[in-house]
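Asks: Could you work out the structure for the sequence below:
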Amino acid sequence: LFPERLEDYINEDNPVRVIDVFVEELDLGTLGFESVEPASTGRPRYHPATLLKIYIYGYLNRVPSSRRLERETQRNIELIWLTGRCTPDFKTLADFRKDNGAAIGRVCSQFVLLCRHMQLFTDAVAAIDGSKFKAVNSRDRNLSEAKLKARMQQLEASVARYLDELDRADREPGQLPEARVAHLQRKIATVREHMQQLTALGEAMRQAQDHQLSMTDPDARSMATHGRGSGIVGYNVQMAVEASNHLIVAHEVTNEGHDRHRLASTANAAKKAMACDALTVIADRGYYKGEQILACEQNDVTPLVPKTQTSSSTAAGRFDKRDFHYDTLRDSYRCPANEEAPRRMTTIEDDLTIQVYWSSACPTCPIRRACTTSTYRRIRRWEHEAVLETMQRRLDHHPEAMRVRRQTVEHVFGTLKAWMGSTHFLMRTLPKVATEMSLYVLAYNMKRAIKI
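Replies: Here you go, the predicted structure:
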């Protein structure tokens, strides 16, 4: 007999209640949101808590579009309850996401902090990986030195072909109609204009730090992927995922095409987010770089990263460095012919201090052809090589580490890409992409925490 209430349609275990409680407990002013305190004059704006709730709900339910969110606030009972019947238009929603990117990133960190207080980080182990996300910019709208050279050669060949056809028409009057001749002249003018544009773009490209130019999304960069000829223009998203409950504890959006420089920074961010004194991180071969591994060790982070197999000696069927055994006490190597190779010199290569070893018996060694094509086989050893050898021994004792990494990280990236669809990022600049990624990470973590 009593009238129905909106509250009756929202169950006690509905996820929107989690969104409501979480946002209401945030200090939005401290996090950096605009217009938390309304101005004394004029009509007050929508409170940022309301707009933040709408976006968290939208990304949690795979509705990232501001126009679709506007419609949902008018017909979706959960959103009507969550916003208190507020119905902001799409421009208000879009401007909120655009103007509060850094603050939204801090909200994502606050939820990680909440998960830590809920003791969801049971193990001090995290898996690190990166994945390429496609931008709107097509490969044809991305310019590099190699692409510029290839396009200029293609255009020059076209001009030569058109000019050859015009020369033949001059030698044999009447063979080509006047309309065809005029058409060829217009095409030559168009191609030359295009060449002038490419020359100007080439100058801008060479002034860029990484010598790339993307004409649709300025911050997107060309990146190689696993398949041959399947490179994309997009962004490289780095993530650290806690191994026990698969929660994302740290993430970063970059436009660097490889992962070699990201191990230490991502591991340190994960260690800080999990608030642990020591952390073990697992990553794939793409992160193997001596300086990064050393930086992790110096910050109480234990890395597990398999070594890249890029030895030219192995590819040629000769002995590689693993066949030479280092003697710590004697500071020398024992070669496959059981000869000692003492340290002979110290050199600097790429700002790294390298010790060089070789044996005096190399010229008369009976198996020299299986070892080197030179007179002496020189073994180079980084001054901190012991750190890499210790890590390799850890990997040998934990062969399941790479399986743990695959089960932890690849599921997360697969889920996020499924939520985004085939278009992935539809934003223009790196800060906007980072904001969108923070909302996806927050939605993923919230859904995962509710499930746990």
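
Asks: Strands of the stretch 51-200 of the chain, residue ranges please.
Replies: In the stretch 51-200 of the chain, the strands defined using DSSP state E, counting those that start in this stretch lie at 125-134, 142-144.

Asks: helices and strands around the first one, which ones?
Replies: Just to be clear, that refers to strand 125-134. Where contact means 3 or more Cβ pairs under 8 Å, 6 or more residues apart in numbering; DSSP states H and E, strand 125-134 is packed against strand 232-242, helix 263-274, strand 279-282, helix 401-405, helix 411-420. Heads up, the C-betas are built off the backbone N, CA and C, glycines and all.

Asks: Would you mind putting the ones you listed into TSV with mean neighbour count and mean pLDDT alongside?
Replies: Formatted as TSV, the helices and strands packed on strand 125-134 follow (neighbours: other Cβ atoms under 10 Å; pLDDT from 0 to 100):
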stretch	mean neighbour count	mean pLDDT
strand 232-242	24	92
helix 263-274	22	94
strand 279-282	24	94
helix 401-405	17	91
helix 411-420	16	90
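
Asks: Mind putting the ones you listed into a markdown table with distance to Glu383?
Replies: Formatted as a markdown table, the helices and strands packed on strand 125-134 follow (distance: least, Cβ to Cβ, whole Å):
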| stretch | distance to Glu383 |
| --- | --- |
| strand 232-242 | 28 |
| helix 263-274 | 18 |
| strand 279-282 | 23 |
| helix 401-405 | 26 |
| helix 411-420 | 36 |
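
Asks: Of those, give the one that comes closest to Glu37.
Replies: Of all these, helix 263-274 sits nearest to Glu37, with 29.5 Å by Cβ to Cβ.

Asks: Provide the contact partners of that closest one at residue level.
Replies: Contact partners of helix 263-274, identified using Cβ atoms under 8 Å, 6 or more residues apart in numbering, comprise 109, 112-113, 116, 121, 124, 126, 128, 238-240, 242, 249-250, 252, 279, 281, 283, 287, 289, 292-293, 295-296, 299-301, 303, 305.

Asks: what about 7 Å?
Replies: 112, 116, 121, 124, 126, 128, 238, 240, 242, 249-250, 252, 279, 281, 283, 287, 289, 292-293, 295-296, 299, 301, 303, 305 (Cβ atoms under 7 Å, 6 or more residues apart in numbering).

Asks: Same question for stretch 49-60.
Replies: Under the criterion Cβ under 7 Å, 6+ apart, residues 15-16, 19-20, 23-24, 28, 64, 69, 73, 79, 82-83, 86, 88, 93, 96-97, 107, 439-440, 442-443, 446-447 lie in contact with stretch 49-60.

Asks: For the lowest-mean-pLDDT helix or strand in the chain, which residues meet the burial criterion?
Replies: Using mean pLDDT, DSSP states H and E, helix 312-315 stands out as the lowest-scoring helix or strand of the chain, at a mean of 80. Buried residues in helix 312-315, counted by 16 or more other Cβ atoms under 10 Å: Ser313.

Asks: who does the very next helix or strand once past that helix touch, helix- and strand-wise?
Replies: Sequence order places strand 325-327 as the next helix or strand after helix 312-315, per DSSP states H and E. If contacts are counted by 3 or more Cβ pairs under 7 Å, 6 or more residues apart in numbering; DSSP states H and E, strand 325-327 sits against strand 332-334.

Asks: strand partners of the helix or strand following the strand it packs on, parallel vs antiparallel please.
Replies: Once the chain leaves strand 332-334, the next helix or strand it forms, by DSSP H and E, is strand 340-349. Its sheet considered, strand 340-349 pairs with strand 332-334 (antiparallel), strand 352-357 (antiparallel) by DSSP bridges.

Asks: Tell me which helix or strand Glu34 sits in.
Replies: Here Glu34 is assigned to no helix or strand, by DSSP H and E.

Asks: can you pull the contacts of it?
Replies: 48, 99-100.

Asks: shaky segments in the chain?
Replies: Scanning the chain for pLDDT under 70 picks out the ranges 1, 174-175, 227-230, 422-427.

Asks: run the last query once more with 80
Replies: 1-3, 38-44, 168-178, 181, 225-231, 309-312, 421-428 (pLDDT under 80).

Asks: what's the least confident helix or strand of the chain in contact with?
Replies: Against helix 312-315 from outside (Cβ under 7 Å, 6+ apart): 319-320.

Asks: if we go to 10 Å?
Replies: By Cβ atoms under 10 Å, 6 or more residues apart in numbering, the list of residues contacting helix 312-315 from outside reads 309, 318-323, 370-373, 377.

Asks: CA atoms only: put it into PDB for me.
Replies: Extracted C-alpha coordinates of helix 312-315, given in PDB (Å, rounded to 0.1, in the frame of the first residue of the first chain):
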ATOM      1  CA  SER A 312      75.700 -14.000 -32.500                       C
ATOM      2  CA  SER A 313      78.100 -16.800 -31.500                       C
ATOM      3  CA  THR A 314      75.200 -19.100 -30.600                       C
ATOM      4  CA  ALA A 315      73.500 -18.300 -33.900                       C
END
